[in-house]
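*Asks:* Sequence and predicted structure are below.
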Amino acid sequence: MSSFPIVFQRTLEMLRARKYVFPTKLQTYRVTEDNIEEFFGDEGVGCKGYIFVREKRSKRKRRKDLKNGKKTKKYNKVMVSFQREKMGITGAKAVVKDMEKYNPDRIIFIIGAKLTSQGKAQMKSSVSIDLELFTFDEMRINAVNHRLVPRHELLTEKETKKLISNVGNKIPGIKRTDVISKYYCGKPGQIFRIYRQKELYYRMIIR
């Protein structure tokens, strides 16, 4: 029995936790043992194992675009690529070609096997957009839905400024590579509000 239906479901849970916007067809879509091959086919919701969601851009980034004379947009296009097989240079080139076709602002790889060194080199040399990488093993478990993991919430830009103005930058850190930071796609400088029993804690994301 394939573990992919679970991996797919956990990935959707992560995307929802990030408050990404789903297209209508994806909102109720489920991968089962019966439709896995269809999902990885050339048509349908998971064309070639890809799905697309939207990420709302912050007002600050939109203002920055206007200031720099660029066309501003409310959402970023996020491409999620599920790869079941080990991806070498040939597979990486195929994905890069598809990226040029779909033109995403960010890509999230969910891979069943580690990238080969050649595949990794190909991606690094060809991809200039934000790229995230998760393995099937990482996505089999919801990293934040565990009784021992307290609720984490990224502060808004306004909340971050207010907190720093009150307490300064002397906030304990959490690495960008931490499981929770990766799950929420946290960036250095952003701050988590952590709910532990009746107390609140704060952690600033660092490199």
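*Replies:* Okay, I see it.
*Asks:* Run through the helices of this protein in chain order.
*Replies:* For the chain, the helices defined by DSSP state H occupy 4-17, 24-27, 36-39, 59-67, 89-102, 117-126, 136-139, 157-167, 179-184.
*Asks:* and residue 53, which of those is closest to it?
*Replies:* helix 4-17 (5.5 Å; Cβ to Cβ). In short, each C-beta sits where N, CA and C put it, glycine included.
*Asks:* Report the residue spans of this structure with pLDDT below the cut-off.
*Replies:* 1, 43-47 (pLDDT under 70).
*Asks:* Can you give the domain ranges for it?
*Replies:* Domain ranges of the chain: 4-139, 151-206, per automatic domain parsing.
*Asks:* Isn't residue 17 up against residue 183?
*Replies:* Yes - here residue 17 reaches residue 183: they are 6.9 Å apart, a contact under Cβ atoms under 8 Å.
*Asks:* So for the two, which residues contact both of them?
*Replies:* residue 144 (Cβ atoms under 8 Å, 6 or more residues apart in numbering).
*Asks:* Can you report how many residues lie near residue 58?
*Replies:* Residues lying near residue 58 (other Cβ atoms under 10 Å) number 10.
*Asks:* please begin residue numbering at 40 from this point
*Replies:* That works, and once the first residue is 40, the last one we named lands at residue 97.
*Asks:* Could you pull up phi and psi at it?
*Replies:* Dihedral pair for residue 97: phi -70, psi 160, per degrees, to the nearest 10.
*Asks:* give me every residue that touches the residue nearest to it when sequence neighbours are not counted.
*Replies:* Leaving aside its sequence neighbours, residue 97 sits nearest to residue 196 (Cβ to Cβ, 6 or more residues apart in numbering; 6.0 Å). By Cβ under 8 Å, 6+ apart, the contact set of residue 196 is 97, 98, 99.
*Asks:* List the buried residues of stretch 128-139.
*Replies:* By 16 or more other Cβ atoms under 10 Å, the buried positions in stretch 128-139 come out as 128, 130, 131, 134, 135, 137, 138.
*Asks:* Using CSV, lay out the residues you listed together with distance to residue 111.
*Replies:* Shown next, in CSV, are these (distance: Cβ to Cβ, whole Å):
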residue, distance to residue 111
128, 37
130, 35
131, 32
134, 28
135, 27
137, 26
138, 22
